[in-house]
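In: got a predicted model here, sequence first, then my questions.
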Amino acid sequence: MAIINLVAGKTRKGRVLKTLLDKLEEIRKQLGSDKVFDVVGRIFAGLPLTEYVQRAVESEDEADREAMELAGELTVEQIRAIEAREESIYGKGGEAKAALPQLQEALTIEEMRRLLPGYVRRYLEHAAPLIGVDLVGDLDGQFFLRPRHRGVVESLMSLLDIYPESARNRFTVYRPNDPRDAIFLHPGEPVFERLSSLGVEQSRSAGKRGAIFTDVSATAPYLFHVARVSVVRAIDPGFPAFHTEEVVEQRLVGIKQYADGRMVEAPVEHQLLLKPAAKANPGSVVFFAQSETWRLAGEQHIKTELLGKLAQLQQLAARKRYTSMSREGNRAAQTELERIKEQQRSIKERRALAIQQARREVELIQAGRVEIIATALVQPSQDPEDVKARNAEVERIAMEVAVAHDAVQGADVRDVSTPERARLAGLSDYPGFDLLSRRPGDERGIEVKGRVGTGEIELTENEWARACNLRNRYWLYAVFDCGSAQPPAV
């Protein structure tokens with residue numbers, strides 16, 4: 001929204017204000033920025049600008065004189081002086097913006113640290129039976145590990161030697177004030193990593209064997225794969241730093257694999273929304289035939305699509321580092337060159353090698369391994385209540401998308417999908433459509449159909465009859481993929 005003050009330029013008041021604006025524009029051009037408008041208020045902080053205008057209005061002769069006197073108060077030097085003074089106090093500006101990414105990353109890390117104890121505790125509660133230990137004590141304070149069979153704790157003994165003796169049999173998921181009190185279990189900590197590896201080994205075969213779950217939001221069965229993917233920097237014997245392969249990034253990914261060949265990426269946390277199922281439904285038997293073929297197809301999709309994109313992102317990051325190194329050089333080395341001439345050749349060689357190595361690193365980054373850790377058969381729910389709730393949610397999402405579609409075009413959209421709402425809009429109880437959309441020169445009766453994925457669209461007899469009566473004023477909006485994170489527009 002803009003607020004505009006209109007003043008006739010040929011009046012006495014107008015001449016004063018026009019002189020002021022012309023002077024501001026002249027200074028703006030000389031400075032090459034709009035900084036003048038930021039500081040003009042401080043220039044006139046001690047000057048009664050309203051008095052200049054009032055005297056100009058009272059006397060024709062005074063108008064031009066007041067205008068010129070006012071213009072004399074504005075100079076480029078004044079603007080620069082104010083800018084320099086404020087810069088000395090507040091800095092050049094932009095420092096906060098430049099530091100914003102680092103600050104946001106720090107906030108994210110801090111948030112993860114705050115949530116970490118809860119995640120670690122939940123993980124240990126689920127993993128302990130698989131590993132073969134019991135967690136005895138207060139999980140919100142300190143606890144110890146009691147083995148269910150021989151060999152479990154013994155595998156941890158060599159790791160415990162690096163900790164104070166007073167802490168070797170006490171564990172906590174919260175950072176202790178004194179490291180001698182207990183061992184702080186968290187990702188990266190040796191004992192936690194050993195327990196995790198034991199849990200992975202114990203559950204590896206079960207994960208590959210798979211399990212059956214129910215997804216209350218699904219309309220068709222699918223396989224849900226969880227895979228570990230990695231981006232690596234390959235070996236190049238020509239560079240000492242690249243003698244061994246190095247993992248650049250590693251993460252878990254999830255995909256849904258449908259019987260019609262569709263592959264849909266999904267967060268790994270999606271499995272937390274699934275409910276265990278006792279047996280497979282008849283519609284799911286297609287996945288039992290040639291199960292290894294299904295798994296290999298999913299693995300190939302992950303490697304070519306998901307892992308390929310991840311590798312490209314890492315290549316871009318490495319290329320950015322190389323470009324920055326090539327352009328900026330090593331300013332500290334340049335200072336050293338001027339001060340110590342005998343080191344000039346050595347520094348140049350090291351810099352050239354660093355740039356060559358950075359360029360080669362871009363070429364060596366590539367997709368690594370894809371390891372499917374677990375596969376689950378996921379089926380739609382057969383519970384009538386689940387089906388009813390799913391259909392209601394799909395309808396809600398479809399209606400929101402349809403309303404937004406017309407509202408953004410300036411239409412007045414009203415929900416008339418129920419008798420009560422239809423009567424409020426001045427219609428009959430069953431108008432034969434869901435939305436009444438009005439805009440200048442146009443009125444639409446819109447029937448909205450939503451689908452979790454894709455599928456056929458059907459009209460009821462009442463809807464079809466209404467469409468025949470309204471003809472070009474009757475519209476059908478179909479919203480597909482309402483089960484995805486971002487349903488497309490109608």
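Out: That came in fine, so what should we check first? Residues are numbered from 1 along each chain as shown.
In: CA atoms for contacts and neighbours, from now on please.
Out: Will do.
In: where does residue 437 land in three-state SS?
Out: For residue 437, the secondary-structure state derived from DSSP: H, G, I helix; E, B strand; the rest coil is strand.
In: what number of residues are in the vicinity of the residue lying closest to it once chain neighbours are set aside?
Out: Leaving aside its chain neighbours, residue 437 sits nearest to residue 413 (4.4 Å; criterion: CA to CA, 6 or more residues apart in numbering). Close neighbours of residue 413, defined as other CA atoms under 10 Å, add up to 21.
In: residue 413: what secondary structure?
Out: strand.
In: okay but it is in contact with residue 435, surely?
Out: Yes. Using CA atoms under 8 Å, residue 413 makes contact with residue 435 at a distance of 6.6 Å.
In: overlap of the contact sets of those two?
Out: Overlap of the contact sets of residue 413 and residue 435 (by CA atoms under 8 Å, 6 or more residues apart in numbering) consists of residue 403.
In: pLDDT score for the nearest residue to residue 481 once chain neighbours are set aside?
Out: Distances taken as CA to CA, 6+ apart put residue 453 closest to residue 481, at 4.0 Å, once the chain neighbours are dropped. Residue 453 carries a pLDDT value of 72.
In: residue 210 versus residue 453, what's the distance?
Out: 25 Å (CA to CA, to the nearest Å).
In: what do you get for residue 478?
Out: 36 Å.
In: between these two, who's got more neighbours?
Out: Set residue 478 next to residue 210 and count neighbours by other CA under 10 Å: residue 478 wins out with 19 against 16.
In: low-confidence stretches in the stretch 51-200 of the chain?
Out: For the stretch 51-200 of the chain, applying pLDDT under 70 flags the ranges 51-74, 88-99.
In: which residue ranges of it form helices?
Out: 60-72, 76-90, 95-131, 157-160, 190-209 (DSSP state H, counting those that start in this stretch).
In: possible to save the ones you listed as TSV with distance to residue 235?
Out: Listed next are the helices of the stretch 51-200 of the chain as TSV, based on distance: least, CA to CA, whole Å:
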stretch	distance to residue 235
helix 60-72	70
helix 76-90	49
helix 95-131	31
helix 157-160	31
helix 190-209	27
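In: ok, residue 368 - contacts?
Out: 229-232.
In: low pLDDT regions in the stretch 351-490 of the chain?
Out: 351-355, 357-358, 483-490.
In: center of the chain, which residue is that?
Out: residue 108 (11.6 Å; CA atoms, centre = their mean).
In: from residue 184, how far off is it?
Out: When residue 108 is compared with residue 184 (using CA to CA), they lie 21 Å apart.
In: how's this protein carved up into domains?
Out: 12-90, 102-203, 210-380, 384-479 (automatic domain parsing).
In: what about residue 390, neighbour count?
Out: 19.
In: tell me how far the closest residue to residue 196 other than its chain neighbours lies from residue 120.
Out: Distances taken as CA to CA, 6+ apart place residue 127 nearest to residue 196, at 7.9 Å, with adjacent residues excluded. Applying CA to CA, the value for residue 127 to residue 120 is 10 Å.
In: if you count what's nearby, which of the two comes out ahead?
Out: residue 127 (20 against 17).
In: residues contacting residue 367?
Out: 230-232, 303, 307-308, 310-311.
In: output the helix or strand harbouring it as CSV, restricted to C-alpha atoms.
Out: Using DSSP states H and E, residue 367 falls within strand 365-380. Provided in CSV are the C-alpha atoms of strand 365-380 (Å, rounded to 0.1, in the frame of the first residue of the first chain):
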residue,chain,number,x,y,z
ILE,A,365,32.8,-36.7,-6.2
GLN,A,366,30.3,-39.4,-7.3
ALA,A,367,27.4,-41.5,-6.1
GLY,A,368,28.4,-44.2,-3.7
ARG,A,369,26.6,-47.3,-2.4
VAL,A,370,22.9,-47.8,-2.1
GLU,A,371,22.0,-50.3,0.7
ILE,A,372,18.4,-51.1,1.3
ILE,A,373,18.2,-51.7,5.0
ALA,A,374,14.6,-52.6,5.3
THR,A,375,11.5,-53.2,3.2
ALA,A,376,7.9,-53.2,4.4
LEU,A,377,4.7,-54.2,2.7
VAL,A,378,2.1,-51.5,3.4
GLN,A,379,-1.6,-51.9,2.8
PRO,A,380,-4.6,-49.7,2.9
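In: what segments of the stretch 201-350 of the chain are helices?
Out: Counting by DSSP H, counting those that start in this stretch, the helices of the stretch 201-350 of the chain are 291-301, 307-328, 331-339, 344-364.
In: which of those has the lowest average pLDDT?
Out: helix 331-339 (a mean of 48).
In: hang on, the earlier thing: closest one to residue 430 among the helices of the stretch 51-200 of the chain?
Out: helix 95-131 (50.6 Å; CA to CA).
In: in that closest one, what counts as buried?
Out: Buried residues in helix 95-131, counted by 16 or more other CA atoms under 10 Å: 116-117, 120-121, 124, 127-128, 131.
In: what of stretch 455-474?
Out: Buried residues in stretch 455-474 (16+ other CA under 10 Å): 463, 466-467, 474.
In: what of stretch 263-274?
Out: 263, 265-266, 271, 274.
In: how about stretch 194-203?
Out: 195-196, 198-200, 202-203.
In: now that stretch, how far from the chain's geometric center?
Out: Here the centre of stretch 194-203 is set off from its chain's centre by 31 Å, with CA atoms, centre = their mean, to the nearest Å.
In: again, but for stretch 80-90
Out: The answer for stretch 80-90 is 38 Å, by CA atoms, centre = their mean.
In: buried residues in that stretch, which are they?
Out: Here stretch 80-90 shows 82-83 as buried, counting by 16+ other CA under 10 Å.
In: how about the contacts made by residue 363?
Out: So residue 363 contacts residue 315 (CA under 8 Å, 6+ apart).
In: so which of the contacts of residue 368 wins on neighbours?
Out: In terms of neighbours by other CA under 10 Å, the contacts of residue 368 top out with residue 231 at 25 neighbours.
In: ok, it - contacts?
Out: Here residue 231 is in contact with 247-250, 307, 310-311, 314, 365-369 (CA under 8 Å, 6+ apart).
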